[in-house]
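K.L.:
could you work out the structure for the sequence below:
(chains A and B)
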Amino acid sequence: DVKVTQSSRYLVKRTGEKVFLECVQDMDHENMFWYRQDPGLGLRLIYFSYDVKMKEKGDIPEGYSVSREKKERFSLILESASTNQTSMYLCASSSRTGSNQPQHFGDGTRLSIL
Amino acid sequence: QQQVKQSPQSLIVQKGGISIINCAYENTAFDYFPWYQQFPGKGPALLIAIRPDVSEKKEGRFTISFNKSAKQFSLHIMDSQPGDSATYFCAASIYNFGNEKLTFGTGTRLTIIP
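P.N.:
Sure, this is the predicted structure:
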């Protein structure tokens, strides 16, 4: 079974802090994604990566950056956390072999910015 | 701009009944339409998916109906069970050589009552 592991289930940080969310997958997937999930808004794509050291902006990249130094690890960085970044963050990975491979999600990190 | 519109936001169905969730899309370039299921405390997981060259796909109690001319697709859950209580997301993507990204709907919280 594919396993996508997010480093923290719950995280509380203060406004202005630099925040790191880590995600690791164990299936050698090429593609990795970061979403945020908010009630009534569904899942919105922040950033994605098709390969090591590659990244592309999703629909809501403002205030975020990402890092992918190794194939299995994809980090989301909040450069200067703000209260409007309080949300559930979900990481996902998928294979590039064939088209439309399913995305496999981690269980999420619930981030609160005070 | 929301490219995939989902309704209803929440749905309560009696055990044994039929649950129906609807989605509409705007971009005619979309060529893959999956549904994801999310249980509380877990990440979403692929439930069933359809391509626009067919009008219906059935897997067990779950059926996707697809209407290309109306740009609409729906999920039907037959003989709904309490274990089906979850949040359901429709999604859409465009073929991109294995690098597809998903555009999600806003989600439907389904509750099956005994």
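K.L.:
shouldn't residue A:84 be within a strand?
P.N.:
No - read with DSSP: H, G, I helix; E, B strand; the rest coil, residue A:84 is helix and lies in no strand.
K.L.:
can you list the residues of chain A near chain B?
P.N.:
Neighbours of chain B within chain A, by Cβ under 8 Å from any Cβ of the partner chain: A:4, A:30-31, A:33, A:35, A:40-45, A:48, A:50, A:58, A:90, A:92, A:95-108. (C-beta placed from N, C-alpha, C; glycine too.)
K.L.:
of those, buried ones?
P.N.:
Buried residues within those, defined by neighbour count using 16 or more other Cβ atoms under 10 Å in any protein chain shown: A:4, A:30-31, A:33, A:35, A:42-45, A:48, A:50, A:58, A:90, A:92, A:95-96, A:100-106, A:108.
K.L.:
mind listing the helices for the chain?
P.N.:
Chain wasn't specified; assuming chain A. Applying DSSP state H to chain A gives no helices.
K.L.:
quick one, what contacts the residue of chain B found nearest chain A?
P.N.:
Per Cβ to the nearest Cβ, residue B:43 is where chain B lies closest to chain A, at 2.9 Å. Contacts for residue B:43 (Cβ atoms under 8 Å, 6 or more residues apart in numbering or on different chains) come out as A:4, A:90, A:92, A:104-108.
K.L.:
can you flag which of these belong to strands?
P.N.:
A:4, A:90, A:92, A:104-105 (DSSP state E).
K.L.:
low-confidence ranges in the chain?
P.N.:
This is for chain A. A:2 (pLDDT under 70).
K.L.:
oops, chain B please
P.N.:
Looking at chain B by pLDDT under 70, you get B:1-2.
K.L.:
show me what from it comes close to chain A.
P.N.:
B:6, B:9, B:32, B:34, B:41-46, B:49, B:89, B:93, B:95-107.
K.L.:
where does chain A get nearest to chain B, residue-wise?
P.N.:
residue A:105 (2.9 Å).
K.L.:
excluding chain neighbours, what is closest to that residue?
P.N.:
residue B:43 (2.9 Å; Cβ to Cβ, 6 or more residues apart in numbering or on different chains).
K.L.:
need the three-state assignment for the one you found.
P.N.:
coil.
K.L.:
for it, give its distance to residue A:39.
P.N.:
Per Cβ to Cβ, to the nearest Å, residue B:43 is found 16 Å from residue A:39.
K.L.:
any chance you could map the strands in chain B?
P.N.:
Under DSSP E, chain B gives strands at B:4-7, B:10-14, B:19-25, B:33-38, B:45-50, B:56-59, B:62-67, B:72-77, B:86-92, B:103-104, B:108-113.
K.L.:
and those as JSON lines, adding mean neighbour count and distance to residue A:20?
P.N.:
What follows is the strands of chain B, written out as JSON lines (neighbours: other Cβ atoms under 10 Å in any protein chain shown; distance: least, Cβ to Cβ, whole Å):
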{"stretch": "strand B:4-7", "mean neighbour count": "18", "distance to residue A:20": "31"}
{"stretch": "strand B:10-14", "mean neighbour count": "14", "distance to residue A:20": "34"}
{"stretch": "strand B:19-25", "mean neighbour count": "20", "distance to residue A:20": "35"}
{"stretch": "strand B:33-38", "mean neighbour count": "22", "distance to residue A:20": "25"}
{"stretch": "strand B:45-50", "mean neighbour count": "17", "distance to residue A:20": "26"}
{"stretch": "strand B:56-59", "mean neighbour count": "12", "distance to residue A:20": "39"}
{"stretch": "strand B:62-67", "mean neighbour count": "18", "distance to residue A:20": "38"}
{"stretch": "strand B:72-77", "mean neighbour count": "20", "distance to residue A:20": "36"}
{"stretch": "strand B:86-92", "mean neighbour count": "24", "distance to residue A:20": "27"}
{"stretch": "strand B:103-104", "mean neighbour count": "24", "distance to residue A:20": "25"}
{"stretch": "strand B:108-113", "mean neighbour count": "18", "distance to residue A:20": "31"}
